[in-house]
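*Asks:* predicted model, plus sequence, below.
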Protein chains: 2
Amino acid sequence: MRPTVHDIAASAGVSLATVDRVLNARPGVRAVTRAKVEAAIERLGYVRDVAAANLAKGRIYPLVFIIPQGENPFMRGLEAEVRQVDRVTFDRTSISVVNVPPFDAMALAAAIDTAVEDGAAGIAAVAVDAPEVVEAIDRALEQGVAFVTLVSDLASSKRDHFCGVDNVAAGRTAGSLMARFLGDREGPVAVLAGSMLVRDHSERLSGFRAVMADAGRGRHVLDVLEGQDDPVRARALVSRYLAKFPGLAGIYSLGAGNAGLVAALEAAGRPGLCVIAHELTPPTRAGLESGIVDAVLHQDAGHEVRSAIRVLRAKADGVKPVAAQERIRIDIFIRENLPPPDPETGTARAGEG
Amino acid sequence: MRPTVHDIAASAGVSLATVDRVLNARPGVRAVTRAKVEAAIERLGYVRDVAAANLAKGRIYPLVFIIPQGENPFMRGLEAEVRQVDRVTFDRTSISVVNVPPFDAMALAAAIDTAVEDGAAGIAAVAVDAPEVVEAIDRALEQGVAFVTLVSDLASSKRDHFCGVDNVAAGRTAGSLMARFLGDREGPVAVLAGSMLVRDHSERLSGFRAVMADAGRGRHVLDVLEGQDDPVRARALVSRYLAKFPGLAGIYSLGAGNAGLVAALEAAGRPGLCVIAHELTPPTRAGLESGIVDAVLHQDAGHEVRSAIRVLRAKADGVKPVAAQERIRIDIFIRENLPPPDPETGTARAGEG
DNA sequence: CATTTTTTGATTTACGTACATCAAAAAAGC
DNA sequence: GCTTTTTTGATGTACGTAAATCAAAAAATG
């Protein structure tokens, strides 16, 4: 049986109250007595029962997730993951979701301020790269509210942590796969992005470009198509490029709007291009299954959400999280290792946990 | 604030005792009263505070993990993950590890019987495919002990669950990557396995063969090399094949002993083969980094361990686990998306849950 | 040595649930 | 209506920790 506070009190020859004072860093304990207690803790291998401690404290952590509105399937999956975690009821944590217009710095900054006013203990937000947002984040931190960026970072703010993938590495991974899949095949490659004003997209592009310039004898990367993560625009842009560059060898889609990409390729009679996209969502999953998409790079929204919660709670408790354990992996999916879709959230899931 | 049992008692107009009887399915409650309580539970959205419940029950779950001995790096990483979970102290769970000689059915069966005698609430074991083991598992289940197979399944037993990847799909994934990486390149491919007597290895082979026979115009798969997961043997076997088949296009290593594979390739002057291996361990990581290995298929040992714990605890509680959430993903790693090694366990880790 | 200050002990209540006991009330059977 | 059975209420203890109070003991100060 695990030792309890009573056991260490008895073993150290002190009272329960003294043990409590040591454990919770309360004043009024002589150094020698403190040492005795700490020795007993060490000797018996005592570890605090966090469940019982939280129960006794009656502490709850109000956390706020700020997520863009709109039909971006990845964001919708992210929100579903948040709500699912909330339903499972992470112990002693109450989570609320706030939606804001995408790419809207003012709205995001306002939402952050509101969350702080409402007494949030921690905030997680998909960052937009703008000075108003940086200021809002730094205001939150000054109020003692923990803050993490989610999916897209804002390194110029003082945010406590970034819960997302290394997007430069993701771009390199895409480039490497593209180069290997194409092999000796000739022809330029196209890049479809949402907007170069978003940090994660620009980072992916730079990683991709670096590998493409490097791999073998170099391969031409055409001017970036910016589809604003909108399927209709994406479809039009891709269709135009397919007509304009008959020798096109591959397409790297590093943002959303992939339903449009797939539609354009279908309409063009499935030209044998190497297609690599991001995020395993219904459109990209369908593309992989039909063979029109070769590989999908993915970040696990569930992992990101749970990592954010752990970090925020740790910060709210004044504990340092183990940063090394909070790194988010870049998943590669091809047709053969597709996980079954999660009926709850529509996102890809692993055993996790 | 979350509603408590007191709230539903008040809301339903009954006593605390009656609510308790309903919640814990104790007898002596009229159907109408039960309905009133259940309505209140629904209305207030009550969810049991599991932490408090477990505290009150004073229940602990003694779980036993049976893992092969030896220098197989994946198994050592698996064991490290188990010990790490134990240190983090999964709430109200005490975990012990038992080592048995690898591929030894009698020893495994004996270890299972011992664990049952010692009063384990659940057992997780890396299965060896043998009738003695099937019988031991079924004996454990008859005693009411929960049982899951880990990494390698034994479907002919009545085990509650298998915590591992779909190895046929893993083989198909390897085959698909191999075919795409090779492209038009000619030549047969070799397969290095541990032993065809182990279920996971034979399943991977069948998936790989299926894709190879299928992809494009078919590619010859040479006779399987069985290296018994031993680096020395593996090195010798691979070296011999490299000499014997100068036109070799690729090698699929579906077992362990990859240190030997890498050494053989280095010794042969790094012939430009497509090499795909399993499990991200120190040797395969080094191979990826040096460029001698093209891709590594991986199963996350941490996920498997935590999944096993969740399933075992659920079974011990008489609750059905959500099987869909317990699927283990087949990870693909190439040089560009290599995660940093976990200093604690030496295995790959993601943010996880 | 008396006094003040600091340290320690003893005890209590609380968190939300489980579980047991005994009495009281309601329903069923005759 | 009376007894018997079933259902419900009231109450207490427990789990392991947090946090508070007040008294007692020890140490420091003069």
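*Replies:* The structure has been received and is ready for your questions.

*Asks:* return the per-residue confidence for residue A:263.
*Replies:* Looking at residue A:263, its pLDDT stands at 96.

*Asks:* now swap in residue A:182 and tell me
*Replies:* 91.

*Asks:* surely it meets residue A:250?
*Replies:* Yes. Counting by C-beta atoms under 8 Å, residue A:250 is a contact partner of residue A:182 at 6.0 Å. The way it works is simple: take the backbone N, C-alpha and C, and place the C-beta from them, glycine included.

*Asks:* need the overlap of contacts for those two.
*Replies:* A:189, A:274 (C-beta atoms under 8 Å, 6 or more residues apart in numbering or on different chains).

*Asks:* ok, the two, which is more surrounded?
*Replies:* Shown here are residue A:182 and residue A:250; by other C-beta atoms under 10 Å in any protein chain shown, residue A:250 has more neighbours (24 against 21).

*Asks:* need phi/psi at that one.
*Replies:* Phi and psi for residue A:250, reported as degrees, to the nearest 10, are phi -160, psi 160.

*Asks:* so residue A:124, which of the three states?
*Replies:* strand (DSSP: H, G, I helix; E, B strand; the rest coil).

*Asks:* may I have the beta-bridge partners of it?
*Replies:* residue A:65, residue A:148 (DSSP bridges).

*Asks:* and chain A, what are its domains?
*Replies:* Listed domain ranges for chain A are A:5-48, A:59-164+A:301-327, A:167-298 (source: automatic domain parsing).

*Asks:* any chance of these in TSV, with distance to DNA strand D too?
*Replies:* Converted to TSV, the domains of chain A look like this (distance: least, C-beta to the nearest atom of the strand, whole Å):
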stretch	distance to DNA strand D
domain A:5-48	4
domain A:59-164+A:301-327	7
domain A:167-298	39
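
*Asks:* closest one to residue B:175 among those?
*Replies:* Residue B:175 lies closest to domain A:167-298 among the domains of chain A, at 14.8 Å (C-beta to C-beta).

*Asks:* just the terminal-to-terminal distance for that closest one.
*Replies:* 11 Å (C-alpha to C-alpha, to the nearest Å).

*Asks:* do it and chain B meet?
*Replies:* Yes. Using C-beta under 8 Å from any C-beta of the partner chain, we find that domain A:167-298 touches chain B at A:169-170, A:172-173, A:175-177, A:180-181, A:183-185, A:211, A:294, A:297.

*Asks:* how many other residues sit next to residue A:153?
*Replies:* Neighbour tally, residue A:153, other C-beta under 10 Å: 22.

*Asks:* up against chain B, what does the stretch 51-200 of chain A have?
*Replies:* Counting by C-beta under 8 Å from any C-beta, the stretch 51-200 of chain A sits next to chain B at A:51-52, A:54-55, A:60, A:89, A:91-92, A:94, A:163, A:169-170, A:172-173, A:175-177, A:180-181, A:183-185.

*Asks:* what parts of chain A come near DNA strand C?
*Replies:* Residues of chain A lying close to DNA strand C (C-beta under 7 Å from any atom of the strand) are A:13-18, A:21, A:27-30, A:32-34, A:52, A:55-56, A:58.

*Asks:* host element of residue A:169?
*Replies:* helix A:167-182 (DSSP states H and E).

*Asks:* which SSE is immediately downstream of that helix?
*Replies:* Assigned by DSSP H and E, the successor of helix A:167-182 is strand A:189-193.

*Asks:* check the offset of that following strand from the chain's centre.
*Replies:* 23 Å (C-alpha atoms, centre = their mean, to the nearest Å).

*Asks:* the next helix or strand after that strand packs against which elements?
*Replies:* Downstream of strand A:189-193, the next assigned helix or strand under DSSP H and E is helix A:199-214. Secondary structure elements in contact with helix A:199-214, counted by 3 or more C-beta pairs under 8 Å, 6 or more residues apart in numbering or on different chains; DSSP states H and E, are helix A:167-182, strand A:189-193.

*Asks:* in the last one, what's buried?
*Replies:* With burial defined by 16 or more other C-beta atoms under 10 Å in any protein chain shown, the residues of strand A:189-193 counted as buried are A:189, A:190, A:191, A:192, A:193.

*Asks:* list the residues that contact the second one.
*Replies:* By that I understand residue A:190. A:221, A:222, A:225, A:238, A:241, A:245, A:248, A:250, A:251, A:252.

*Asks:* which non-adjacent residue is nearest residue A:166?
*Replies:* residue A:330 (7.2 Å; C-beta to C-beta, 6 or more residues apart in numbering or on different chains).

*Asks:* and the pLDDT at the one you found?
*Replies:* 89.

*Asks:* try residue A:64
*Replies:* 95.

*Asks:* tell me the contacts of it?
*Replies:* So residue A:64 contacts A:95, A:96, A:97, A:98, A:115, A:118, A:120, A:122, A:123, A:124 (C-beta under 8 Å, 6+ apart).

*Asks:* quick check, residue A:67 in a strand?
*Replies:* Yes. Residue A:67 sits within a strand when classified using three-state DSSP.

*Asks:* pretty sure residue A:122 sits against residue A:63.
*Replies:* Yes. In terms of C-beta under 8 Å, residue A:122 counts as a neighbour of residue A:63; the distance is 4.8 Å.

*Asks:* any idea what residue A:98 is bridged to?
*Replies:* residue A:66.

*Asks:* so it sits right up against residue A:112, yeah?
*Replies:* No. Using C-beta under 8 Å as the test, residue A:98 is too far from residue A:112 to be in contact (9.2 Å).

*Asks:* what residues are up against the residue of the stretch 51-200 of chain A found nearest DNA strand D?
*Replies:* Closest to DNA strand D within the stretch 51-200 of chain A is residue A:56: 2.8 Å, counting by C-beta to the nearest atom of the strand. By C-beta under 8 Å, 6+ apart, no residues touch residue A:56.

*Asks:* which parts of the host helix or strand of it are buried?
*Replies:* Using DSSP H and E, residue A:56 sits in helix A:50-57. Within helix A:50-57, the residues scored as buried using 16+ other C-beta under 10 Å are A:51, A:52, A:54, A:55.

*Asks:* fine, thanks again, bye for now.
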